[in-house]
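J.: quick one: sequence plus predicted model below, questions after.
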Amino acid sequence: MVALIYIILANYVTLRVYNYWVVLGLELFFMGIWSNGFLSTNSSTRFKMGTGCVYVWSASLQDFVEDCTDHTADAAYMAAARARYAVIGLVGSLLILWVVSFIVTCVSIARHRKVGGHCKTIQ
């Protein structure tokens with residue numbers, strides 16, 4: 001949220017604080033955050049859609065334990081298993097939005113530099 005406020009203020013309100021290297025750095029920071037979120041979301045769900053064994057964490061044993069029970073008849077379990085695909089779809093759409101944002105930022109920086117604005121605002 002702080003980065004978004006900086007980008008809006010630097011572009012439209014207080015042009016003196018604008019620095020395109022900061023904006024580009026924030027875009028790359030957002031990509032790192034996206035990657036971290038995708039990897040943790042994709043690896044943290046232990047639900048399986050079909051039959052078979054999964055490894056679940058046992059707090060009492062402090063280790064992973066093999067669970068081979070069939071959960072396909074449990075509606076709540078299957079809803080949670082299907083929610084994983086919804087999360088992956090949402091993360092994919094966020095990647096597309098980030099790519100569009102990154103391209104727009106790079107094009108605007110290239111245009112800014114072309115007219116002679118090297119880390120300074122053009123009035």
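T.: That came through, no problem. Because the structure is predicted, anything quoted here is derived from the model rather than measured. Numbers count the residues shown, from 1 in each chain.
J.: do a quick rundown of the strands in this structure.
T.: 54-58, 63-67 (DSSP state E).
J.: given the first one, what are its sheet partners and their directions?
T.: Strand 54-58 has its sheet partners listed here by DSSP bridges as strand 63-67 (antiparallel).
J.: on that earlier part again, worst mean pLDDT among the strands of the chain?
T.: Comparing mean pLDDT across the strands of the chain, the lowest value falls on strand 54-58: a mean of 74.
J.: quick one: the helices in the protein?
T.: In the chain, the segments counted as helices under DSSP state H are 2-8, 20-44, 75-114.
J.: list the contacts of the first one.
T.: It refers to helix 2-8. For helix 2-8, the external contacting residues (C-beta atoms under 8 Å, 6 or more residues apart in numbering) are 17, 22, 23, 26, 29, 30. (Each C-beta comes from the backbone N, C-alpha and C, glycine too.)
J.: sorry, back to before: dump the strands of the chain to a markdown table, plus distance to residue 3 and mean neighbour count.
T.: Formatted as a markdown table, those follow (distance: least, C-beta to C-beta, whole Å; neighbours: other C-beta atoms under 10 Å):
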| stretch | distance to residue 3 | mean neighbour count |
| --- | --- | --- |
| strand 54-58 | 34 | 11 |
| strand 63-67 | 37 | 11 |
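J.: save those as JSON lines, and put in distance to residue 86 too.
T.: As requested, the strands of the chain are exported to JSON lines (distance: least, C-beta to C-beta, whole Å):
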{"stretch": "strand 54-58", "distance to residue 86": "20"}
{"stretch": "strand 63-67", "distance to residue 86": "23"}
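J.: before we move on, back to that, closest to residue 108 among the contacts of helix 2-8?
T.: residue 23 (8.6 Å; C-beta to C-beta).
J.: the closest one reaches residue 10, doesn't it?
T.: Yes - using C-beta atoms under 8 Å, residue 23 is in contact with residue 10, at 7.2 Å.
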